[in-house]
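Asks: Generate coordinates for the sequence data below:
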Amino acid sequence: MLQQHTGNLVRFGILTLPLSALLTFVGLIGRYGVPNPRYDPKGAVEAVGSTEYFVSQLVGNVLGLTVLIFGVLALTAYLANTRARGLALAGMVLSIVGIGVALSGLGLNTYALPEISRAYVSGQQDVLVIVTAIYGGLVRQLFVPVALLYSAGFILFGVAIWRSGVLPKPAAISLAVHAPLLQGFFRAQLNWAAVVGALLFILGSVVIAFSVFRRTSAEQAEAEADS
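Replies: Modelled structure (predicted):
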């Protein structure tokens, strides 16, 4: 009974993968029309003062990545009894560390930019110096380790899924390829490579979730037939 309940938790945890992918896509689309703060800080500040922008970034950046952690844990647990468990464990560690570092940087897009925008509209013109300093220094320094950790983690997950024999191989390709493309997600403005990566993430995670639940239904039907 305990094993059955654990299996149910893992299966429902897998559902957080497509949920996270959809939330991430919402966050990306919410940046449509925002210029690059490094080159046009005034334009970027003027574009992010709306409530809609804040909500889209809260959903995509904070909630999306937080939910993704549960999906990563569930996927690792699902692959734990396969020959690819070592790869899955390494992928889990790298991707969660990358997500954690990403959350600290993406908080700037979510919380700082809207407040800076309101200050700018109120007449504090010198806040543009802050935007230039943040996106010319701190965010650029975070970008490389986040991109490497996140990409390495999900590429390992792709290899693990490919070798596991329990999940479709097309899902392995989608999950692995999305990671290098989605690194544009950590930029303040919309990046079309990141949009493609997010769509691949949605596709791969939906295929994984569908496969997990279909496999479970088949196993339950087989068990009932045997009994």
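Asks: residue boundaries of the helices in this structure?
Replies: 2-14, 16-29, 41-47, 51-57, 64-78, 85-107, 113-121, 127-133, 139-164, 169-182, 192-226 (DSSP state H).
Asks: In this structure, where is pLDDT below threshold?
Replies: The model of the chain has pLDDT under 70 over residues 1-6, 37-38, 136-140, 184-189, 216-227.
Asks: If we use 80, what do you get?
Replies: 1-8, 33-50, 104-109, 112-113, 120-123, 125-143, 183-191, 215-227 (pLDDT under 80).
Asks: The closest residue to residue 30 other than its chain neighbours: how many residues sit nearby?
Replies: Distance criterion C-beta to C-beta, 6 or more residues apart in numbering; nearest residue to residue 30, sequence neighbours excluded, is residue 56 at 2.5 Å. C-beta: built from backbone N, CA, C; applies to glycine. Other residues near residue 56 come to 20 when the count uses other C-beta atoms under 10 Å.
Asks: what sits against residue 33?
Replies: Taking C-beta atoms under 8 Å, 6 or more residues apart in numbering, we find residue 33 in contact with 47, 190.
Asks: Give the phi and psi angles for it, as a check.
Replies: When read as degrees, to the nearest 10, the backbone of residue 33 gives phi 90, psi 0.
Asks: Need the residue closest to the centroid of this protein.
Replies: residue 65 (5.0 Å; C-alpha atoms, centre = their mean).
Asks: Pull the contacting residues for that one.
Replies: Counted by C-beta under 8 Å, 6+ apart, residue 65 has contacts 20, 24, 99, 102-103, 106.
Asks: State the distance from the residue nearest to residue 30 to residue 126.
Replies: 27 Å (C-beta to C-beta, to the nearest Å).
Asks: can you pull the contacts of residue 27?
Replies: Residues in contact with residue 27 (C-beta under 8 Å, 6+ apart) are 56-57, 59-61, 64, 185.
Asks: and which of those residues is nearest to residue 166?
Replies: residue 64 (26.1 Å; C-beta to C-beta).
Asks: Contact partners for the closest residue to that closest one other than its chain neighbours?
Replies: Counting by C-beta to C-beta, 6+ apart, residue 64 lies nearest to residue 23, which is 3.4 Å off, once chain neighbours are set aside. For residue 23, the contact set (C-beta under 8 Å, 6+ apart) comprises 59-60, 63-64, 67.
Asks: For residue 23, give its distance to residue 79.
Replies: 23 Å.
Asks: For the closest residue to residue 18 other than its chain neighbours, give its distance to residue 165.
Replies: Once flanking residues are discounted, residue 18 sits nearest to residue 205: 4.2 Å by C-beta to C-beta, 6+ apart. The spacing between residue 205 and residue 165, counted by C-beta to C-beta, is 19 Å.
Asks: Who has more neighbours out of the two?
Replies: Counted by other C-beta under 10 Å, residue 205 and residue 165 do not tie: residue 205 has more neighbours, with 26 against 10.
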